[in-house]
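# got a predicted structure plus its sequence, pasted below:
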Amino acid sequence: KNEVEQSPQNLTAQEGEFITINCSYSVGISALHWLQQHPGGGIVSLFMLSSGKKKHGRLIATINIQEKHSSLHITASHPRDSAVYICASGSASSGSARQLTFGSGTQLTVLP
Amino acid sequence: NAGVTQTPKFQVLKTGQSMTLQCAQDMNHEYMSWYRQDPGMGLRLIHYSVGAGITDQGEVPNGYNVSRSTTEDFPLRLLSAAPSQTSVYFCASSYSSGSVSDTQYFGPGTRLTVL
């Protein structure tokens, strides 16, 4: 069974700081998703990775397949980045290739 | 496009009552799913559907029923509500039924309290 662990669970940063959120998973996967959950509860997809690195604005996501590890970086953090960040992995070896396993999330608070 | 819509936003039930959470999407997505989110835990899959007329159980299906009569709609029925079903429920959809790589589109969520 695939297990997904995120660290840290809670993170407080000052505006402008570089932020890293980590995600580890236990089995080989075909896709790794990063999601953002807004304070109001809505969830949006940020990235899907199967290898390497992706960048969107101030957000960068990387994945190391051999180490079963992914990171989400936020450069020049801003209070509007405050949210819960969730990683989810999809394993081709799961009972259904359509199912994702979700981490419990990292609560990020960026102070002005 | 409205994306994925859910109703109601909030609901309070008494133990033993039944209700249906509504979910609809207007993106012609094949795959639809229901998750529950509990404090300190990741989203857990309740039921999913890979197309009209096809549904299957996820990780935590007990106490819930689903049906998919159209591509657009995927209602979740609580048969006899229990306090353990107090949670936030999210409906999600994605384009393809066969890939975990597809972007997931989430509804705004329904906060359910069972007394």
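That came in fine, so what should we check first?

# can you tell me the closest non-neighbouring residue to B:Met27?
Closest residue to B:Met27 apart from its sequence neighbours, by CB to CB, 6 or more residues apart in numbering or on different chains: B:Asn1 at 6.0 Å. The C-beta positions use only the backbone N, C-alpha and C, and glycine is treated the same way.

# what about that neighbour, how many residues nearby?
As a burial measure, B:Asn1 scores 8 neighbours (other CB atoms under 10 Å in any protein chain shown).

# isn't it up against B:Asn28?
No. Judged on CB atoms under 8 Å, B:Asn1 makes no contact with B:Asn28 at a distance of 9.8 Å.

# so what's the closest residue to chain A within chain B closest to, chain neighbours aside?
Minimum separation of chain B from chain A (CB to the nearest CB) falls at B:Val100, amounting to 2.5 Å. Of all residues not flanking B:Val100 in the chain, A:Gly90 sits nearest, at 2.5 Å (CB to CB, 6+ apart).

# is that neighbour in a bridge, and if so with what?
Beta-bridge pairing for A:Gly90 (DSSP bridges): A:Ala31, A:Leu100.

# tell me, how many residues neighbour it?
Neighbourhood size, A:Gly90 [other CB under 10 Å]: 25.

# quick one: the strands in the chain?
No chain in the question, so chain A it is. Using DSSP state E, the strands of chain A run over A:4-7, A:10-14, A:19-25, A:31-37, A:43-49, A:53-56, A:59-64, A:69-74, A:83-90, A:100-102, A:106-111.

# not quite, go with chain B.
Using DSSP E, strands in chain B cover B:4-7, B:10-13, B:19-25, B:31-37, B:44-51, B:54-57, B:64-66, B:76-78, B:87-94, B:105-106, B:110-114.

# ok, is the first one in contact with chain A or not?
It refers to strand B:4-7. No. If you take CB under 8 Å from any CB of the partner chain as the test, strand B:4-7 misses chain A, and the best it gets is 10.1 Å.

# quick revisit: relative to B:Ser80, which of the strands of chain A is closest?
Shortest distance between B:Ser80 and those, using CB to CB, is found for strand A:100-102: 27.0 Å.

# for the closest one, give the mean pLDDT please.
For strand A:100-102, mean pLDDT rounds to 91.

# chain A contacts on chain B?
B:31, B:35, B:40-45, B:48, B:50, B:56, B:58-59, B:88, B:90, B:97-106, B:108-109, B:111.
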